[in-house]
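Novice: let me see the structure of the following:
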Amino acid sequence: MNSKNSMASAGPESGFSLIELVVVTAIVITLAAMAVLGMLPAVQNAKYDAAMRQLASQIRQAREYAIANRRYVQITFPTVGSRPQVVMTQMNTLTPGAGGVNPVISTVTIEGPGTYLVYPGMPDTPDGYGNGGAIYFEGLVGGPVGGMLFQSDGELVDGTTFLPINGSVFLSTNNGQATNARAVTVLGTTGRTRGWKSSGASWAQF
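Specialist: Numbers count the residues shown, from 1 in each chain. The predicted model follows:
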């Protein structure tokens, strides 16, 4: 008798129904999507940080090369296609047409989603070197006519007057996200380079 009662109460085997599995799967997918969306701003931020660090690193390398090799090193910031670059050139002669060769030391493309751009409405960095243009040295968009040269003592100077010049290089995209803006400033008298990160309305040193 007891055996029959036990068999009768056992019922069907327990487990998840198809509906339960579908509901659980939907919840997991939703949570995963929310996590990915939450991480996207941080991933984008990291890409802009990396671009700013790469830019600052190239400027510092130009200064170090000038000191180590006792040569003037010119830095330029062209945009090829939509990609920003830093070009370093060893200036063996500073006289146009003098017959000397000024070899390009390196051409480096700045990686990441940004380009040379002052984000609309962003104020100048606390260094105060100006933000009239994406490349702004000695108060001039694109820099002085004689270019920007690191000399053997580490100073950044005007290629015509050979006087120290300060300047700023800005990176950003005009996509409605002011927090994507980055900047690198250079103090002419020492060649000191600083990186800056936008909070959306102001700058913090990186």
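Novice: longest helix of the chain?
Specialist: helix 18-69 (DSSP state H).
Novice: dump stretch 181-201 to PDB, keeping only the CA atoms.
Specialist: Output in PDB follows, covering the C-alpha atoms of stretch 181-201 (Å, rounded to 0.1, in the frame of the first residue of the first chain):
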ATOM      1  CA  ALA A 181      38.000  67.000 -26.200                       C
ATOM      2  CA  ARG A 182      41.700  66.700 -25.400                       C
ATOM      3  CA  ALA A 183      44.600  69.100 -25.600                       C
ATOM      4  CA  VAL A 184      48.400  69.100 -25.400                       C
ATOM      5  CA  THR A 185      50.300  72.300 -24.500                       C
ATOM      6  CA  VAL A 186      54.000  73.100 -24.800                       C
ATOM      7  CA  LEU A 187      55.900  75.700 -22.800                       C
ATOM      8  CA  GLY A 188      58.500  77.200 -25.100                       C
ATOM      9  CA  THR A 189      61.200  78.100 -22.600                       C
ATOM     10  CA  THR A 190      61.500  74.500 -21.300                       C
ATOM     11  CA  GLY A 191      59.700  72.400 -23.900                       C
ATOM     12  CA  ARG A 192      57.500  71.100 -21.100                       C
ATOM     13  CA  THR A 193      54.500  69.200 -22.400                       C
ATOM     14  CA  ARG A 194      51.200  68.800 -20.600                       C
ATOM     15  CA  GLY A 195      48.100  66.800 -21.500                       C
ATOM     16  CA  TRP A 196      44.600  68.100 -20.800                       C
ATOM     17  CA  LYS A 197      41.200  66.300 -20.600                       C
ATOM     18  CA  SER A 198      37.800  68.000 -21.000                       C
ATOM     19  CA  SER A 199      35.100  67.600 -18.400                       C
ATOM     20  CA  GLY A 200      32.600  69.100 -20.800                       C
ATOM     21  CA  ALA A 201      33.000  72.700 -19.700                       C
END
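Novice: contacting residues around stretch 188-206?
Specialist: 48-49, 52-53, 55-56, 59-60, 63, 119, 122-123, 125-127, 150, 154-157, 163-167, 172, 178-187 (CB atoms under 8 Å, 6 or more residues apart in numbering). For every residue, glycine as well, the C-beta is placed using N, CA and C.
Novice: to clarify, my last question referred to stretch 132-146.
Specialist: 77, 116-118, 129-130, 148, 158-161, 165-171, 186.
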